[in-house]
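>>> next input, structure requested:
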Amino acid sequence: MDDEGAGAISFGTDGWRAREAEFTIPRVRMVGQAVATHLDAEGRGTDPVAVGYDARETSRGYAEELARVLAVNGHDVLISDRDVPTPLVATGVVDRGLAGALMVTASHNPPEYNGVKFIPADGAPALPAVTDAIEANLASPTPRPEGEWGGVRAVDFQPGHTERALAIVDADLSGLTVVYDAMHGSGRGVTDALLETAGATVIRVRCERDPTFGGGAPEPSPANLEPLVTAVAAHDADLGVANDGDADRLAVATPDRGVVDENLLFAAFYDRLLETGAGPAVRTVSTTFLIDRIADAHGESVIEVPVGFKWVAKAMAEHDALIGGEESGGFSIRGHVREKDGVLMALVAAAATVDRPIDDRIDDLLATHGEVHQGKVSVDCPDDQKQPVLGRLAGAIPDAVAGRSVASVEDMDGFKLQLADGAWVLVRPSGTEPKLRVYAEAGTAAAVEELLAAGQDLVAAHR
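Predicted coordinates:
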């Protein structure tokens, strides 16, 4: 297959992402044609679709290419009038009754990457049956006769999302001061505006568009959020919130904790929602067991799924879950589109803070259910070596890890070793990078470090 062929295109955990050198216009057009072919096979060959894009330098151009391909295949196309958070496009698909959408984004990846994902008509992430069908139909565009072409027009997806968010989260944020950090991404002018509409005073950090994201990755990790933590302290703010590059993920900073561990944030959200609602939680295999302890205390259940919000979304529908989430900061709640939404969840975090400081809630949860610490590391591993390494590991699961007996093994997504003392270690392949991920959870930070080191040794022994 030539350099511009379809062989380089693969939909991972959340769409196709690649460095700009591989993310070429001909390949992007192939994705557009594959989606048009898929929609035609689904009986929606001329129904309207949407196209959105993030704040990267090239994203608008790629979005326009996709819009043209979809239009010459007979679709009317609604293209965002500016770079836009992914959840706004997903919400727009549902609220406008569209056949689906394409979103040009590499999310939290560095600026030298770009990507594209397909959003189906239900607004939830596409499942493998859909992405496999799209991959199978990759081809250069094949336009319909010109008289059958659709049109392209710019739309603003923000008002519809704002209306939906305020209907789901009925909160008066008057008197609350929130620092918002857009990390130069597409949440600027959206998340901060939603918080202000609900009554908060908002202090803005990194809310200017910068396609280079300040020279780093728009990843809301503690290492990248020092400006947010500093601003919360400087302004004596009640809360700090940040989004990743396409604002589908959320990070929170509090006056006492600084950046809150996403596992603890998930626990705080679920505990808050259980005060007025009922229902199970859905969490990924890499997310804390603290969710299970909270659920058990309320007579609820927890559904564990592989990493990837598509699996969270699927289980949320199947079990009418109150909340679904993952340890990387992606959450959605009942009543909303089943796509992770860092804009909506910023409003949820602010509303929870009005009721009670998040730090206090987390302190009480840990006092009631026990301390929980978690960490993860990445180990370089070429994509073609991931499964061979895991295959060798499958035949050599140890009886103990870091001196702790292995009680059970789960192979839902890689290998999760449940230890006799309640701790666990997980080794799984990244769906977006040439790496294996090693996760660990235990009752102390020191134990987590021991388990992470042991997990890395385990991977090294089978590479």
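>>> and the helices in the stretch 251-400 of the chain?
Counting by DSSP state H, counting those that start in this stretch, the stretch 251-400 of the chain has helices at residues 262-273, 290-297, 309-319, 342-355, 358-369, 383-394.
>>> buried residues in the helix or strand hosting A167?
For A167, the enclosing helix or strand under DSSP states H and E is helix 158-168. For helix 158-168, the neighbour count (16 or more other Cβ atoms under 10 Å) marks 158, 160-162, 164-165, 168 as buried. For glycine as for every other residue, the C-beta is placed from the backbone atoms N, C-alpha and C.
>>> now for the next helix-or-strand element following it, which elements pack on it?
Next in sequence after helix 158-168, counting helices and strands by DSSP H and E, comes strand 177-181. Other elements packing on strand 177-181 under the criterion 3 or more Cβ pairs under 8 Å, 6 or more residues apart in numbering; DSSP states H and E are helix 191-197, strand 201-205, helix 226-234, strand 239-243.
>>> pairing partners for strand 177-181, with directions?
According to DSSP bridges, strand 177-181 forms sheet pairs with strand 201-205 (parallel), strand 239-243 (parallel).
>>> center of the protein - which residue?
G330 (4.4 Å; Cα atoms, centre = their mean).
>>> which segments of this structure make up each domain?
6-157, 173-369, 373-460 (automatic domain parsing).
>>> relative to the whole chain's centre, how far out is the shortest one?
What that stands for is domain 373-460. 22 Å (Cα atoms, centre = their mean, to the nearest Å).
>>> could you tell me the end-to-end distance of that domain?
End-to-end span of domain 373-460 (Cα to Cα, to the nearest Å): 24 Å.
>>> name the SS class of the residue of the chain most remote from its centre, please.
In terms of distance from the mean C-alpha position of the chain, G147 ranks first, at 39.6 Å (Cα atoms, centre = their mean). Secondary structure, DSSP: H, G, I helix; E, B strand; the rest coil: G147 is helix.
>>> how close does it get to R29?
To R29, G147 is 22 Å away according to Cβ to Cβ, to the nearest Å.
>>> what do you get for W424?
W424 sits 44 Å away from R29, going by Cβ to Cβ.
>>> what's the answer for A350, then?
41 Å.
>>> which one of these two has more residues nearby?
More crowded of A350 and R29, by other Cβ atoms under 10 Å: A350, with 26 against 20.
>>> list the buried ones in stretch 88-100?
Quick answer for stretch 88-100 (16+ other Cβ under 10 Å): 88-94, 98-100.
>>> ignore what I typed, I meant stretch 200-220.
Result for stretch 200-220 [16+ other Cβ under 10 Å]: buried residues 200-203, 205-207, 210, 213, 217-220.
>>> again, but for stretch 330-339
Applying 16+ other Cβ under 10 Å to stretch 330-339 flags 330-334, 336-339 as buried.
>>> let's see the pLDDT reported for D244.
As predicted, D244 sits at a pLDDT of 98.
>>> any idea how many residues pack against it?
32.
>>> can you pull the phi and psi angles for the nearest residue to P48 once chain neighbours are set aside?
Of all residues not flanking P48 in the chain, D76 sits nearest, at 4.4 Å (Cβ to Cβ, 6 or more residues apart in numbering). The phi and psi values for D76, taken as degrees, to the nearest 10, are phi -80, psi 140.
>>> could you check the distance from D76 over to D83?
D76 sits 21 Å away from D83, taking Cβ to Cβ as the criterion.
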